[in-house]
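Student: Predicted structure and sequence below. I'll ask about it afterward.
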Amino acid sequence: MNEPHHDSRFQRWFNRRGWIKITIATPYVWLILFFLLPFAIVLAMSFATRTPTAPPFSFGGDYPLLNTRTYHRLVEDSLYIRAYLTSIFNAVIATLMCLLIGYPMALGLTRVSKSWRNILLMLVILPFWTSFLLRVYAWMGLMGTNSWFNKLITSGYNYLVPAEDALRYIPMMNTNFAVVLVTVYSYLPFMILPLFANLEKLDFTLNEAAMDLGSRPSRVFLDVTLPQSVPGIIAGSMLVFIPASGELIIPSLVGSSSRPMIGRVISDEFASARDWPMASAVAVALLLLLVVPLMVYTYFDGKAHEKIKSSGGADA
Amino acid sequence: MKNVTRRTTLTAIGAALAMPYVRPSWAQSGTVNVYNWADYIGETTLQDFEAATGIGVVYDTYSSAEEMQAKMLAGSSGYDVVDHAGIDMPRAIAAGIYEKLDKALLPNWVNLDPEILRILAGWDEGNQYGMPYMWGSVGFTYNVDMVKERIPDADMSSMDLIFKPENAVLLADCGISILDSPTDIMLMVLKYLGLDGDTTNVADYDKVVEAFKPIREYIRTFDNTNYLNAIPNGELCAINNWSGDYATAAGRAAEAGVEINLAYFVPKTGAPAWVDCMAIPSDAPNRDNAYKFMNFMMDPEVAAGCTNYTYYANANIPSREFVLPEVLNDPAVYPDAETIARMWAPKPFSEEQDRAITRAWQTIKSG
């Protein structure tokens, strides 16, 4: 009977440091399984050669192991560069718009009574209970040339401009404007929620102190609230910017094909052109484009924090 | 509590990992896994098959040919019967996705239309791999009232209506939609330009790109599905689409109580024909049931049931007796002799052509 002995050894290990090890290892295992491993496959595939087989790529042939054709095309063909630029442009505009609309809303949430706050927070989250796709389709209906919404805006526009500039309708569907509009609408809660979480924790006595010292409300906001909310702004902006730049559904449904976004290009390369290596290369480049700035930011942010800590320590 | 040991943990992990491989043992007892286009089968076909054979149908649908191709190319799809576009069959056959059909297990094969088999044979020599299911043409659906309001003497059987800038500019505000499918529209444009639709000279594709340039700004969208909703709403007036989609759009408009005057034309300069076929993947887990299902689909009444519901022409000659007269006599569904004369079966593309056509298409779309 060595079972109880075995069991107690496991339990002792578990109680002493096993639990902590498991807790720390879980996110790493998750990351390796669901991020690093798939990414390694995509990276490897980007160096493969497109072939008429199933699956439609292979290694070897004229290019033993590495075929860098995909990356050559990535820089030579203006289509990809244009798509990256459109994606980043749309994502930046959408992030700024979300910030402009979301910041006052998040700040407002912290300044109302507890019961109101719960109701308003609920309203921010409520759209998530309807399918994202359905909400995009609703916008397609609204922006269509014969919709009441379009007719309303058009008649407002025609009222303002001279008669010879009157329009039959305002072209909204299949434009870049539609992509930004629907992106802002879809991702706004991702900006509001982290901002709210940040703003809620701020010490309001600091604002009171500033006001006691004679600051006008606008100065209090600029000197006290805004600098303290920078982590919230950054968190919210990341949550909006990163998915918005790789967005596929919104540009596919409401976007213009003359200004393709990178998500659409990846999908087209993968599906229509059956060029899996090319699609992989575009995806790898997108990841580098998004992750490298993020890592640089995290690095400098970490350094700045250390600095504040050490200088704060010296002051004390 | 049961002791957690290395042995019990390994057993649990082993059992969990083996789960996917357990599936065929029950699947063999009587199911067939079918993968088909969405809205592309009769209303009661699957129930009828289950009632007739006692075999359960696990039915999956796709909404884009690319989605299906990607899944089949990746392999191990687990399907027994797959609906595959005829024009893409050479690639699928070369990649070894499908098995050669055993015709001895398909007694209903005799019902098939030799003319459609002949077209399909252009992509599947000797009809070894695919059973033709539905077929049709590529053309243009027009919202007649909206077009006539802008161009009173419009000739809708001519592609001049779209490809002459002076016409396209007039139709731009009521909406032009082009199929996001280069193998359909680019071949039509080749014919329209007086070139060989089966050209192997990739430089000819550049001429198609040139033909699109002056009208590109007037095209609202490149799309294969959304027009089904946009047409009834009056959002589009000139739509490049497949026969059958026209009937579906008209049906949706009727459902919504919208009065709309639609007409479908196959351009007189020529258009490619398409044939969808059913095939059996070479790794099909329920091969026997796949043959039973395929044979059932060639039953005249079953085929007619599918046509009556989807408004697509089937490849089954005796089924015409059971097809609703308004479907059988609709030239958009079952084309008349004049329309058939305009259609041709495109030759399969070489790898080089495939690449060139894809590249040209990207240039056109993003132009």
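Tutor: Nice, thanks for sending it over.
Student: what's downstream of the helix or strand harbouring residue B:120, the next helix or strand?
Tutor: If you go by DSSP states H and E, residue B:120 is part of helix B:114-121. Using DSSP H and E, the helix or strand that directly follows helix B:114-121 along the chain is strand B:131-143.
Student: just how off-centre is that following strand within its chain?
Tutor: Relative to the centre of its chain, strand B:131-143 is centred 8 Å away, using CA atoms, centre = their mean, to the nearest Å.
Student: Can you confirm whether that strand lies near chain A?
Tutor: No. Using CB under 8 Å from any CB of the partner chain, strand B:131-143 stays clear of chain A, coming no nearer than 11.6 Å. Backbone N, C-alpha and C define where each C-beta goes, glycine included.
Student: What's the mean pLDDT across that strand?
Tutor: Confidence over strand B:131-143 (mean pLDDT, whole number) is 94.
Student: Parallel or antiparallel, list what pairs with that strand.
Tutor: Sheet pairing for strand B:131-143, assigned by DSSP bridges, gives strand B:238-242 (antiparallel), strand B:262-265 (antiparallel), strand B:271-279 (antiparallel), strand B:313-314 (antiparallel).
Student: Show me which residues of chain B are close to chain A?
Tutor: So chain B meets chain A at B:3-5, B:64, B:66-67, B:69-70, B:72-75, B:91-92, B:94-97, B:173, B:175, B:180, B:182, B:216, B:220-222, B:226, B:230, B:233-235, B:351, B:358, B:361-363, B:365-367 (CB under 8 Å from any CB).
Student: Take the residues you listed and keep only those in strands.
Tutor: B:221, B:222 (DSSP state E).
Student: Pick the most buried one from the strands paired with strand B:131-143.
Tutor: Ranked by mean neighbour count, the strands paired with strand B:131-143 are led by strand B:313-314 with a mean of 27 (mean count of other CB atoms under 10 Å in any protein chain shown).
Student: Let me know the next secondary structure element after that strand.
Tutor: Using DSSP H and E, the first helix or strand after strand B:313-314 is helix B:325-328.
Student: Now do stretch B:116-128: distance to the chain's middle.
Tutor: Distance, centroid of stretch B:116-128 to centroid of chain: 16 Å (CA atoms, centre = their mean).
Student: OK, now which residue of the stretch 1-150 of chain A is nearest to chain B?
Tutor: Per CB to the nearest CB, residue A:54 is where the stretch 1-150 of chain A lies closest to chain B, at 3.8 Å.
Student: That residue touches residue B:76, doesn't it?
Tutor: No. In this structure residue A:54 lies outside contact range of residue B:76 using CB atoms under 8 Å: 10.1 Å.
Student: Neighbour count: the two, which is higher?
Tutor: Taking other CB atoms under 10 Å in any protein chain shown, residue A:54 and residue B:76 do not tie; residue A:54 has more neighbours (18 against 9).
Student: Show the contacting residues for that one.
Tutor: By CB atoms under 8 Å, 6 or more residues apart in numbering or on different chains, the contact set of residue A:54 is B:72, B:73, B:74, B:75, B:92, B:95, B:96, B:97.
Student: for the first one, what are its contacts?
Tutor: The neighbourhood of residue B:72, defined by CB under 8 Å, 6+ apart, consists of A:54, B:82, B:84, B:92, B:97, B:281.
Student: Just send the residues you listed back as CSV, with pLDDT and distance to residue B:155 too.
Tutor: As requested, the contacts of residue B:72 are exported to CSV (pLDDT from 0 to 100; distance: CB to CB, whole Å):
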residue, pLDDT, distance to residue B:155
A:54, 79, 45
B:82, 96, 40
B:84, 95, 36
B:92, 92, 39
B:97, 94, 43
B:281, 96, 46
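Student: Next, format those residues as CSV and append distance to residue B:306.
Tutor: Output for those, formatted as CSV (distance: CB to CB, whole Å):
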residue, distance to residue B:306
A:54, 28
B:82, 16
B:84, 17
B:92, 22
B:97, 24
B:281, 21
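Student: Filter the residues you listed down to the buried ones and hand me the PyMOL line.
Tutor: Those of the contacts of residue B:72 that count as buried under 16 or more other CB atoms under 10 Å in any protein chain shown are selected in PyMOL with:
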select buried, (chain A and resi 54) or (chain B and resi 82+84+92+97+281)
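Student: a strand runs through residue B:57, doesn't it?
Tutor: Yes. Counting by DSSP: H, G, I helix; E, B strand; the rest coil, residue B:57 is found in a strand.
Student: doesn't residue B:155 fall inside a strand?
Tutor: No. Judged by three-state DSSP, residue B:155 forms no part of a strand; its state is coil.
Student: any low-confidence regions in chain B?
Tutor: Filtered on pLDDT under 70, chain B yields the residue ranges B:1-29.
Student: Domains of it: list them as residue ranges, please.
Tutor: B:6-136+B:274-337, B:137-273+B:345-366 (automatic domain parsing).
Student: interface residues of the stretch 51-200 of chain A facing chain B?
Tutor: So the stretch 51-200 of chain A meets chain B at A:52-56, A:79, A:82-83, A:140-141, A:144-146, A:168-169, A:173-174 (CB under 8 Å from any CB).
Student: List the ones among those residues that fall in helices.
Tutor: Counted as lying in helices by DSSP state H, out of those, are A:79, A:82, A:83, A:140, A:141.
Student: residue contacts, the nearest residue to the second one once chain neighbours are set aside?
Tutor: What that stands for is residue A:82. In space, and not counting its chain neighbours, residue A:82 is closest to residue B:366: 7.2 Å by CB to CB, 6 or more residues apart in numbering or on different chains. The contact partners of residue B:366, taken as CB under 8 Å, 6+ apart, are A:79, A:82, A:83, A:257, A:258, A:259, A:260.
Student: Next: residue B:360.
Tutor: B:182, B:186, B:205, B:206, B:208, B:209.
Student: need the contact list for the residue nearest to the first one when sequence neighbours are not counted.
Tutor: Read that as residue B:182. With sequence-adjacent residues excluded and distances taken as CB to CB, 6+ apart, residue B:182 is closest to residue B:361, at 3.8 Å. Residue B:361 makes contact with A:272, B:182, B:186 under the criterion CB under 8 Å, 6+ apart.
Student: change it to 10 Å
Tutor: A:268, A:272-273, B:180-183, B:185-186, B:205, B:208-209, B:212, B:222 (CB atoms under 10 Å, 6 or more residues apart in numbering or on different chains).
Student: got it, and residue B:203?
Tutor: Counting by CB under 10 Å, 6+ apart, residue B:203 makes contact with residue B:356.
Student: Helix or strand: which one has residue B:152?
Tutor: Going by DSSP H and E, residue B:152 is not part of any helix or strand.
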